[in-house]
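Engineer: I would like the atomic coordinates for the input below:
(chains A, B, C and D)
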Protein chains: 2
Amino acid sequence: MPSPLIRKLENFTKLSDDDKLALDKATRQVRVYPAREDIICEGDCPEAVILLIEGWACRCKTLEDGRRQIMAYFVPGDLCDINVFILRQMDHSISTLTPATIALIPRDTMLDLMAQHPRITQALWWSTLVDEATLRAWVVNLGQRSAYERAAHLLCELFYRLRAVGLTNGKSCILPITQGELGDTLGLTIVHTNRMLQDLRRDSLVELRGRHLTILDLDALQKVAMFSPGYLHLEHEGEALDANQRQQT
Amino acid sequence: MPSPLIRKLENFTKLSDDDKLALDKATRQVRVYPAREDIICEGDCPEAVILLIEGWACRCKTLEDGRRQIMAYFVPGDLCDINVFILRQMDHSISTLTPATIALIPRDTMLDLMAQHPRITQALWWSTLVDEATLRAWVVNLGQRSAYERAAHLLCELFYRLRAVGLTNGKSCILPITQGELGDTLGLTIVHTNRMLQDLRRDSLVELRGRHLTILDLDALQKVAMFSPGYLHLEHEGEALDANQRQQT
DNA sequence: CGCCGTGTTGACTATTCTCAACCCAGGTGG
DNA sequence: CCACCTGGGTTGAGAATAGTCAACACGGCG
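Structural biologist: Coordinates of the predicted model:
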């Protein structure tokens, strides 16, 4: 079974056995967290990069008056904050949503890894840029789409991302988050989120019972959401770049 | 007069004369665009980094049905898309808002610059991370704040950013964008944007006539917006890092 | 058993959008 | 010079969307 990180990075480019070994070695020390716990808090100065191995986590920010916005979901294989260790302190928190297993990759290990494995470096860059593109997609989602479209868009994105790391089963996947959390993501109240999800069910686009999500009609769902998966860059587009790199080095 | 890029990067760290010379040299070839023109369109594959020297530009995305979301503003000194040249194609456009002067820094020049000037590289990283933090702040803005707070927050951010590149005059600055564009940024209709701006004026927080913005009471404006400028990382925090770097190299 | 967290519902309110009109300044062409 | 046009900005009235509050259902768990 490949680690989810390797599986994820190979969505972008082909890694050598040596690359994979180095990644495995760097992510061997793991730590377990319960659900709904901060891994890093706003104001902390992070010294290591967090790799999520199992479970779900999120990047979120709470305003002074308690309103909370989730700004990213992390699923197994995701690196939370590859880069923040350049900045002085976190302007948001990373919290678990479910019980989670993480590996902490110390700053220096990370730098070594990047110095010695150019393909890993490229893949990490790619991963950063995908994260940024995702964030932009969320800005569009929050700014321009209706509540119903917004919910549809989020479900599309999560389904694609889970599929890319092998966490789907046909049209289904586990979605271990509450409607409250979805609401904090979509900028909606919990009540309205609930109604939008019901509408999506009523329109036979999805089935959502307990933690189990089934996309009944992905095409139709994408259409109402105006979702196009391009921004997730899951099409192995690094292969050309990999060739480039050989020329340049 | 220092170039706005150098001024901006020096918000983060001190550059040597040699660094500055290299930057000047790399940004000598300029190009002029009229207002409201695409510099790069969605779908294009960019081959150079765009440095905005004069005027305003934005990053924006238009949905199939015409709804548009502005995802970032660029003011003089800003680099639009330092990194996108890793990805295959743009998932959004970069457009001018006013007549603008830009420099195109070819991919290779950029790579050379980064290879030979570690402080520039650091500063560029910092700039990328600030862009990301800004995007996160926008997600929070769109997701959690009311229309009124959202408008206040945007004005705070723009004022701080303009001040950091020397484009303010006391409490005033030039804001060369229409209410329609503000609306596309805030996820509001033009009508509602107009009313929120009027409310901000009525509450004596800002004065906005023509292209001229005056912040009458910055503290109060920040308070209603729940704005804290930390995410812009304008506090010269790279100086410590600069020392670090000397140790490591 | 009873409690708690999550999901669901209904009635009412607030916010935001839509549409349509009008104002005004600046630029253009006659 | 004026008439006209255009692109912003502004206003009002009514409709649609989303929020609030309060209640209840249901399953898991101590």
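
Engineer: so stretch A:194-203, near DNA strand C or not?
Structural biologist: Yes. With C-beta under 7 Å from any atom of the strand as the measure, stretch A:194-203 is seen reaching DNA strand C through A:194-195, A:197-198. (C-beta placed from N, C-alpha, C; glycine too.)

Engineer: go through that stretch and flag the buried ones.
Structural biologist: A:196-197, A:200 (16 or more other C-beta atoms under 10 Å in any protein chain shown).

Engineer: again with stretch A:66-78
Structural biologist: Residues of stretch A:66-78 classed as buried by neighbour count (16+ other C-beta under 10 Å): A:68-78.

Engineer: mind putting the buried residues of stretch A:194-203 into TSV with secondary structure and pLDDT?
Structural biologist: TSV is the format used below for the buried residues of stretch A:194-203 (DSSP: H, G, I helix; E, B strand; the rest coil; pLDDT from 0 to 100):
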residue	secondary structure	pLDDT
A:196	helix	98
A:197	helix	98
A:200	helix	98
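
Engineer: wait, which of these is closest to residue A:30?
Structural biologist: Distance to residue A:30 across the buried residues of stretch A:194-203 (C-beta to C-beta) is lowest for residue A:197, with 33.8 Å.

Engineer: got the contact list for the closest one?
Structural biologist: A:151, A:179, A:182, A:206, A:208 (C-beta atoms under 8 Å, 6 or more residues apart in numbering or on different chains).

Engineer: what is the three-state secondary structure of residue A:59?
Structural biologist: strand (DSSP: H, G, I helix; E, B strand; the rest coil).

Engineer: neighbours of it, how many?
Structural biologist: Using other C-beta atoms under 10 Å in any protein chain shown, residue A:59 has 22 other residues around it.

Engineer: take the buried residues of stretch A:66-78 and keep only those in strands.
Structural biologist: Mapping the buried residues of stretch A:66-78 onto strands (DSSP state E) picks out A:68-74.

Engineer: can you give me the helices in chain A?
Structural biologist: Taking DSSP state H as the test, the helices found in chain A are A:4-9, A:17-26, A:107-116, A:118-144, A:147-164, A:179-186, A:190-202, A:218-225, A:238-248.

Engineer: so which of those helices is nearest residue B:107?
Structural biologist: Per C-beta to C-beta, nearest to residue B:107 of the helices of chain A: helix A:238-248, 10.7 Å.

Engineer: which bits of chain A sit near DNA strand C?
Structural biologist: So far as C-beta under 7 Å from any atom of the strand goes, chain A lies against DNA strand C at A:178-180, A:190-191, A:194-195, A:197-198.

Engineer: which residues touch the residue most central in space within chain A?
Structural biologist: In chain A, the residue lying closest to the centroid (C-alpha atoms, centre = their mean) is residue A:74, at 3.6 Å. Counting by C-beta under 8 Å, 6+ apart, residue A:74 touches A:52, A:56-59, A:80, A:94.

Engineer: from the residues you listed, which is closest to chain B?
Structural biologist: residue A:59 (7.7 Å; C-beta to the nearest C-beta).

Engineer: need the pLDDT of that closest one.
Structural biologist: Listed pLDDT for residue A:59 reads 97.

Engineer: with residue A:29 instead?
Structural biologist: 89.

Engineer: which stretches of chain A have low pLDDT?
Structural biologist: Within chain A, the stretches with pLDDT under 70 are A:1-2, A:236-249.

Engineer: now do 80
Structural biologist: A:1-2, A:83-88, A:235-249 (pLDDT under 80).

Engineer: domains of it?
Structural biologist: A:1-145, A:146-225 (automatic domain parsing).

Engineer: which one, of those domains, ends up nearest to residue B:213?
Structural biologist: Closest of the domains of chain A to residue B:213 is domain A:1-145, at 21.6 Å (criterion: C-beta to C-beta).

Engineer: from the chain's centroid, how far away is the closest one?
Structural biologist: 8 Å (C-alpha atoms, centre = their mean, to the nearest Å).

Engineer: so it, near DNA strand D or not?
Structural biologist: No. For domain A:1-145 and DNA strand D, the contact criterion (C-beta under 7 Å from any atom of the strand) is not met; the two come no nearer than 7.9 Å.

Engineer: re the thing from before, would you reformat the domains of chain A as TSV and include distance to residue B:44?
Structural biologist: Listed next are the domains of chain A as TSV, based on distance: least, C-beta to C-beta, whole Å:
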stretch	distance to residue B:44
domain A:1-145	15
domain A:146-225	24
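
Engineer: compare these and give me the one nearest residue B:42.
Structural biologist: Shortest separation from residue B:42 across the domains of chain A is recorded for domain A:1-145, at 11.5 Å, computed as C-beta to C-beta.

Engineer: need the contact list for the closest residue to residue A:229 other than its chain neighbours.
Structural biologist: Excluding its sequence neighbours, the residue lying closest to residue A:229 (C-beta to C-beta, 6 or more residues apart in numbering or on different chains) is residue A:160, at 5.2 Å. Contacts for residue A:160 were tallied using C-beta under 8 Å, 6+ apart; they are A:229, A:232, A:234.

Engineer: surely the second one and residue A:161 touch.
Structural biologist: Yes. Residue A:232 lies in contact with residue A:161 (C-beta atoms under 8 Å); the separation is 6.6 Å.

Engineer: thinking again about what came up before, quick check: which of the helices of chain A is nearest to residue B:168?
Structural biologist: Short answer: helix A:118-144, nearest of the helices of chain A by C-beta to C-beta, at 25.7 Å.

Engineer: ok, and does the closest one reach over to chain B?
Structural biologist: Yes. Counting by C-beta under 8 Å from any C-beta of the partner chain, chain B has neighbours in helix A:118-144: A:122, A:125-126, A:128-129, A:132-133, A:135-140, A:142-144.

Engineer: can you check stretch A:206-224 too?
Structural biologist: No. Judged by C-beta under 8 Å from any C-beta, stretch A:206-224 stays clear of chain B, getting no closer than 9.8 Å.

Engineer: contact partners of that stretch?
Structural biologist: A:148-149, A:152, A:155-156, A:158-159, A:171-176, A:197, A:200-201, A:203-205, A:227-228.

Engineer: between the residues of stretch A:194-203 next to DNA strand C, which is nearest residue A:108?
Structural biologist: Looking across the residues of stretch A:194-203 next to DNA strand C and measuring by C-beta to C-beta, the closest to residue A:108 is residue A:197, at 44.8 Å.

Engineer: and the closest one, how close does it get to residue B:98?
Structural biologist: 43 Å (C-beta to C-beta, to the nearest Å).

Engineer: cool, and residue A:194?
Structural biologist: Where residue B:98 is concerned, residue A:194 sits at a distance of 44 Å (C-beta to C-beta).

Engineer: in the sheet, who's paired with the nearest residue in space to residue A:104 that is not next to it in sequence?
Structural biologist: Distance criterion C-beta to C-beta, 6+ apart; nearest residue to residue A:104, sequence neighbours excluded, is residue A:48 at 4.2 Å. Note on residue A:48: beta-bridge partners by DSSP bridges are residue A:106.
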